[in-house]
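S.K.: take a look and give me a structure for this.
(2 chains)
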Amino acid sequence: MGRTAPTYRQALEERLKRWDAFARLLTTPEDRAAFELVRTGARRYVAQATYVGSPDLLEAILLSVLTDLAARLRAEPAASAARH
Amino acid sequence: MAGSAPAHDGWLLDITESTDGRSVVLWVKGRADERVRRTAVDYRPPFLVAGPRAELPPLLRRLHDDPRVASAELVLGRPSLFDRRSRAVVRVVPRVNPVRRALASAVDAAGGYATFTLYDVDLAPPQLYHLAHGLYPFAPVAGHGADLVATEPAETIDYEAPPLRVAPLEVHLAGERRGRIPPPDGRIGAVRLGEVTLDGPEEAVLAALGRELARTEPDVLLTEGGDEFDLPWLYRRAAACGLGPGEFALGREPTPFRPARPARSFTSYGRVLHRAATYPVPGRFHLDRANSFLYRDAEIAGLVDAARLSRLSLQTVARQSPGTCFTAMEMANALALGVHVPWKKNRPEGFRTGATLVAADRGGVIFLPPVGVHDRIDEFDFASLYPHIMVRKNLSAETLECRCCPRSPIRAPGLGYRSCTRQVGLIPHTLAPLLTRRLAYKAALKDPALPPEEARRLRQRVKMLKWILVTAFGYQGYRNARFGRIECHEAINAYARDLLAALVADAEEAGYRVVHGIVDSLWLRPLDPDRPPDPEAFARRASARFDLPLGYEGRYRWIVFLPAVTHGLGVPNRYYGLYTSGEFKLRGIGGRRHDTPMFLRRFELEVLELLRGAPDAAGVVARVPQALARADLFAGRLADGAWPVDELLLAHRVGQAPEAFVTFTDSVAALRQLADAGAPHGAGETVRFAILDRQSRSWRERVRVAELLRGDERYDVGAYLELLAREAETLLAPFGVRRDELLARWGAPPRVERQPYRSAEAREQRALSGDAVGTFSPPSG
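M.R.: Residues are numbered from 1 along each chain as shown, chains lettered A, B, ... in the order given. Here you go, the predicted structure:
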């Protein structure tokens, strides 16, 4: 409605759609599951990525994906410790 | 609450335009006898034309030759909000009021739509009369005719509401049930007005209605769907009986039997809406519950408050959006400040680069909530955050990036837009009293000695103000908002984002973790459940620190955040939770939506009642099997085919003209049925129907519209089981409930994935646009 620049959320979804082509040529279920993690990571921090307000969409997506991965890495030792 | 205002003789109910085009009619209700008197006063308001000095004399000559002009002269003024110095402008008085717009268009065209700026063109003469004479709707008044004066200002918070006689009006056609499609030649069999039902032969009923109106003198005719049905039908039948405006009138003076505004479809916030035609009833008001969003919420007391402040007639306020009211309030304030109202907004957005737009054009902070059930959550909410920011930061079109304050310390975070420090902007000027007013009403409501009737009135006014305050922000970014400016919109969001970010840090310091946040609300969990922070103290500290009122909404026993169907992450605005007070808060689930059929509402209600017993998150999880058993019970009864069909009605708002549909949907079938029965519906109107056979290609068999429902129809069990499964999944998805599993458990037929029917043109279009390229489709048999 009258806005010139798409919102971060819209731009993100657009970009994720483009990445579908990447996912289609992944050949193992493990790779596809891993890619799903990346996609989820990209969506997880929309509020924070919007707040950055960077004109570089990829910068915002990368921050989101990396933070998500780092958070999983930090949680992993605790989780595996709990399992043992 | 009664003020100590000077004595008044009565109340000014309304000002209407008179049919001669040269005067307005003042309707005053006497204080002593409660009788309404009509006085016509000559009034032809001028409009102003501003432009380059050299262009004005030729324009004047032109206007002097125009037969539509009564007078045109040069005067000095500062018409624009941005004018700091007086300049010469042309003041034009049209010969009759109805030509104002045509004359203004001619002037605009003469200047090539660029040379001249016109002011005060599209304000209605009654509105201008109010503003020029210090009057307002429902003002206590003294004096007569042109000397009428208000005895207290419109902004008075503590005022005596005028006594209004309200009479429900309902038309019944002979041999027809109300709500059914009326036959085109249907005769009126009975009319209910107030307590009295008039029946008999049509002409006698119409005559009796006239007498009853004269006897009971109602000020407000209250209908349910009167714009659509009752009023047009009364006028239509009166005309059919050979009556003219002289013999039949619903208002207090004769008026032609035609709508003041025709019906129209329009778009608002991405939705197509429909508004029925409005018929005038001069001297009275017609409120149509079905055509007044604000009446449903704020009722008459709220509408009266809004009419007073906006100088719009009650009849208009009821039918317009809160945004229109706010714009009218801005206009009233502008004219009071000596500024005039530009006809067309002539302030294009400045050129900005893509990078600036990306940085500036962002909304508030909206987190993604963690999907699942959570307990012990405290909710906080800023009251009227955006209006408060506009007032505190002096955000208005003319105060932003002003020339007088290059070193202003008030700057939007991250954007740097400056606010003026010398002069209060029009928008803060308009908003500040509304905020004060709302707070005053809320404070008065806390008084336990308040009579219930008065409390009800105040609550209605609070609601009305809430809606107006909400829209004030949106109108900053709206392209047609006369005093809006997109940079204000951006600045407000920037302040709000900054505020929420600061609040996150504060909350953590206070011993909270942020669970969720949307623009002006936060959901917080105590870090140490055994020693939770004092929520009231936190709210007080934050309010003091940010100089904005942060309120503690309450503690949730538990709250369930729901996932998106597409990606499974949380959806910001879809949740349900139970406060410790025992009250539910529901967002984005079935019962909140107007199109949900009754049987699904029942299901949702039963599940919520079941969950009401849960003291915490574990209690909710423990009750999920019971909720599923409830779903099974509903499914069983649906499958028996015995559910009453009127509880299965779906409502659908038609998004486009019926002929624009390319796919054959349930709505299309419903539209065809309605058109066939003589009641065609258009874009923005709502159709209500039960699904009889969703696979049928026949518009007669696929659905049955509510208006034609007999009650013995066989409904499509599969379709309704699917709706039930979807609803159960919506509510219970965080607990692993999947709709396909439910459907399999109920033995429902597998979901039909059918290629939608498309017209030949649509297929061709798809093929041309390359939609089908690259996908493999098996040859169809």
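S.K.: now residue 52: closest residue in space, sequence neighbours ignored.
M.R.: With no chain named, the answer covers chain A. Leaving aside its sequence neighbours, A:V52 sits nearest to A:A60 (CB to CB, 6 or more residues apart in numbering or on different chains; 5.5 Å). In this view, the C-beta of every residue, glycine as well, is placed from N, C-alpha and C.
S.K.: my question was about chain B
M.R.: Of all residues not flanking B:P52 in the chain, B:T115 sits nearest, at 6.8 Å (CB to CB, 6+ apart).
S.K.: which strand or helix spans residue 73?
M.R.: Reading this off chain A. Assigning secondary structure by DSSP states H and E places A:L73 in helix A:57-83.
S.K.: could you do chain B instead?
M.R.: Assigned by DSSP H and E, B:E73 falls in strand B:69-77.
S.K.: got the buried residues for that strand?
M.R.: B:V69, B:A72, B:G77 (16 or more other CB atoms under 10 Å in any protein chain shown).
S.K.: surely the second one touches B:V92?
M.R.: Yes. Between B:A72 and B:V92 there is a contact at 4.9 Å, judged by CB atoms under 8 Å.
S.K.: what's the overlap in contacts for these two?
M.R.: Residues touching both B:A72 and B:V92 by CB atoms under 8 Å, 6 or more residues apart in numbering or on different chains: B:L63.
S.K.: count the residues that sit near B:G655.
M.R.: Each residue near B:G655 was counted by other CB atoms under 10 Å in any protein chain shown, and the total is 16.
S.K.: so for it, what's the pLDDT?
M.R.: Note for B:G655: predicted pLDDT of 83.
S.K.: tell me the spacing between it and B:Y43.
M.R.: According to CB to CB, to the nearest Å, B:G655 and B:Y43 sit 43 Å apart.
S.K.: just A:R44 next, same as before
M.R.: 62 Å.
S.K.: those two: which has the busier surroundings?
M.R.: Legend: neighbour count by other CB under 10 Å for A:R44 and B:Y43, higher for B:Y43 (21 against 18).
S.K.: gap between whichever residue of the stretch 601-750 of chain B sits closest to chain A and B:G302?
M.R.: The minimum distance from the stretch 601-750 of chain B to chain A, using CB to the nearest CB, falls at B:G655 (15.2 Å). Here B:G655 is placed at a distance of 30 Å from B:G302 (CB to CB).
S.K.: list the buried residues in the helix or strand hosting B:L287.
M.R.: Using DSSP H and E, B:L287 falls within strand B:285-288. Buried residues in strand B:285-288, counting neighbours by 16+ other CB under 10 Å, are found at B:F285, B:H286, B:L287, B:D288.
S.K.: then stretch B:402-411?
M.R.: B:C402, B:C405, B:S408, B:I410.
S.K.: again with stretch B:711-728
M.R.: Result for stretch B:711-728 [16+ other CB under 10 Å]: buried residues B:713, B:715-728.
S.K.: on that earlier part again, just how off-centre is the strand holding B:L287 within its chain?
M.R.: Offset of strand B:285-288 from its chain centre (CA atoms, centre = their mean, to the nearest Å): 17 Å.
S.K.: quick one: list the elements packing against the helix or strand just after it.
M.R.: Under the assignment DSSP H and E, the closest C-terminal helix or strand after strand B:285-288 is helix B:293-310. Where contact means 3 or more CB pairs under 8 Å, 6 or more residues apart in numbering or on different chains; DSSP states H and E, helix B:293-310 is packed against strand B:285-288, helix B:314-319, helix B:322-336, helix B:452-477.
S.K.: what about 10 Å?
M.R.: helix B:125-132, strand B:220-223, strand B:285-288, helix B:314-319, helix B:322-336, helix B:426-445, helix B:452-477 (3 or more CB pairs under 10 Å, 6 or more residues apart in numbering or on different chains; DSSP states H and E).
S.K.: looking at this, B:L48 is in a helix?
M.R.: No. Read with DSSP: H, G, I helix; E, B strand; the rest coil, B:L48 is strand and lies in no helix.
S.K.: can you get me a residue count around it?
M.R.: B:L48, neighbours per other CB under 10 Å, totals 21.
S.K.: wait, isn't it in contact with B:D83?
M.R.: No. Look at B:L48 against B:D83 with CB atoms under 10 Å: they stay out of range, at 11.6 Å.
S.K.: correct me, but B:V365 touches B:N493?
M.R.: Yes. Using CB under 10 Å, B:V365 is in contact with B:N493, at 9.2 Å.
S.K.: any part of the helix or strand that B:E508 is a member of near chain A?
M.R.: Secondary structure assignment for B:E508, by DSSP H and E: helix B:486-509. Yes. Using CB under 10 Å from any CB of the partner chain, helix B:486-509 reaches chain A at B:I486, B:A494, B:R497, B:D498, B:L500, B:A501.
S.K.: buried ones among those?
M.R.: B:I486, B:A494, B:R497, B:D498, B:L500.
S.K.: mean confidence for the longest strand along chain B?
M.R.: Ranked by residue count, the top strand of chain B under DSSP state E comes out as strand B:550-563. The average pLDDT within strand B:550-563 is 95.
S.K.: and stretch B:68-77, by the same measure?
M.R.: 94.
S.K.: same thing with stretch A:27-37?
M.R.: Regarding stretch A:27-37, the rounded mean pLDDT is 92.
S.K.: which residues are contacting that stretch?
M.R.: A:19-20, A:22-26, A:65, A:68-69, A:72, B:567-568 (CB atoms under 10 Å, 6 or more residues apart in numbering or on different chains).
S.K.: closest to B:Y235 out of those?
M.R.: Nearest to B:Y235 among these: B:H567, at 54.2 Å, using CB to CB.
S.K.: could you look up the SS state of the most centrally placed residue in chain A?
M.R.: Centroid-nearest residue in chain A: A:A42, 1.5 Å away (criterion: CA atoms, centre = their mean). Following three-state DSSP, A:A42 is assigned to helix.
S.K.: ok, back up a step: how distant is the helix holding A:L73 from the center of its chain?
M.R.: 11 Å.
S.K.: list the buried residues for it?
M.R.: Neighbour counts using 16+ other CB under 10 Å place A:L57, A:A60, A:I61, A:L63, A:S64, A:V65, A:D68 of helix A:57-83 among the buried residues.
S.K.: try stretch B:177-185
M.R.: Those would be B:I181, B:P182, for stretch B:177-185 by 16+ other CB under 10 Å.
S.K.: mind checking the pLDDT average for it?
M.R.: 80.
S.K.: what does stretch A:59-68 give?
M.R.: Here the average pLDDT along stretch A:59-68 is 95.
S.K.: ok, stretch B:215-225 next?
M.R.: Mean predicted confidence for stretch B:215-225 is 94.
S.K.: that one: end-to-end distance?
M.R.: 25 Å (CA to CA, to the nearest Å).
S.K.: ok but B:V191 is inside a strand, no?
M.R.: Yes. Using three-state DSSP, the secondary structure at B:V191 is a strand.
S.K.: average pLDDT across stretch B:640-649?
M.R.: 92.
S.K.: pull out the buried positions in it.
M.R.: B:W643, B:V645, B:L648, B:L649.
S.K.: same question for stretch B:185-192.
M.R.: Neighbour counts over stretch B:185-192 (16+ other CB under 10 Å) mark B:G186, B:R187, B:I188, B:G189, B:V191, B:R192 as buried.
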